[in-house]
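>>> Let me see the structure of the following:
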Amino acid sequence: MKVRYFQETDTLYIEFKSATVAESRDLDENTLLELDEQGHVVAITMEHARDRAEIPAFSYEQVRAA
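Numbering: from 1, shown residues only. Sure thing, here's the model as predicted:
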């Protein structure tokens, strides 16, 4: 998984897996969902990220199965 924040455009890009994007869907006017050929989510793009998320605060936690 890759998370990128483009400060100059205030865009947040979250790539869940490296795959060919077969379809893009607008979730709303500022959020784009990218899907592979099987309909699985490949990535999400969020415009105006600073207003919509806690940018630049970021944390990551990996939880192990019990």
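
>>> which residues sit against stretch 49-58?
Under the contact criterion Cβ atoms under 8 Å, 6 or more residues apart in numbering, stretch 49-58 has outside partners 3, 5, 10-12, 30, 46. The C-beta positions use only the backbone N, C-alpha and C, and glycine is treated the same way.

>>> from these, which would you call buried?
Buried subset of these (neighbour count, 16 or more other Cβ atoms under 10 Å): 5, 11-12, 46.

>>> I'd like those residues laid out as a markdown table, including distance to Ala57 and secondary structure.
Shown next, in a markdown table, are the buried ones among the contacts of stretch 49-58 (distance: Cβ to Cβ, whole Å; DSSP: H, G, I helix; E, B strand; the rest coil):
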| residue | distance to Ala57 | secondary structure |
| --- | --- | --- |
| Tyr5 | 11 | strand |
| Thr11 | 17 | strand |
| Leu12 | 12 | strand |
| Met46 | 15 | strand |
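
>>> May I see those organised as JSON lines, with distance to Gln38 added?
Formatted as JSON lines, those follow (distance: Cβ to Cβ, whole Å):
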{"residue": "Tyr5", "distance to Gln38": "28"}
{"residue": "Thr11", "distance to Gln38": "26"}
{"residue": "Leu12", "distance to Gln38": "24"}
{"residue": "Met46", "distance to Gln38": "23"}
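
>>> Quick one: the residues you listed as CSV, columns for distance to Glu34 and pLDDT too.
Shown next, in CSV, are these (distance: Cβ to Cβ, whole Å; pLDDT from 0 to 100):
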residue, distance to Glu34, pLDDT
Tyr5, 17, 87
Thr11, 14, 91
Leu12, 13, 91
Met46, 12, 94
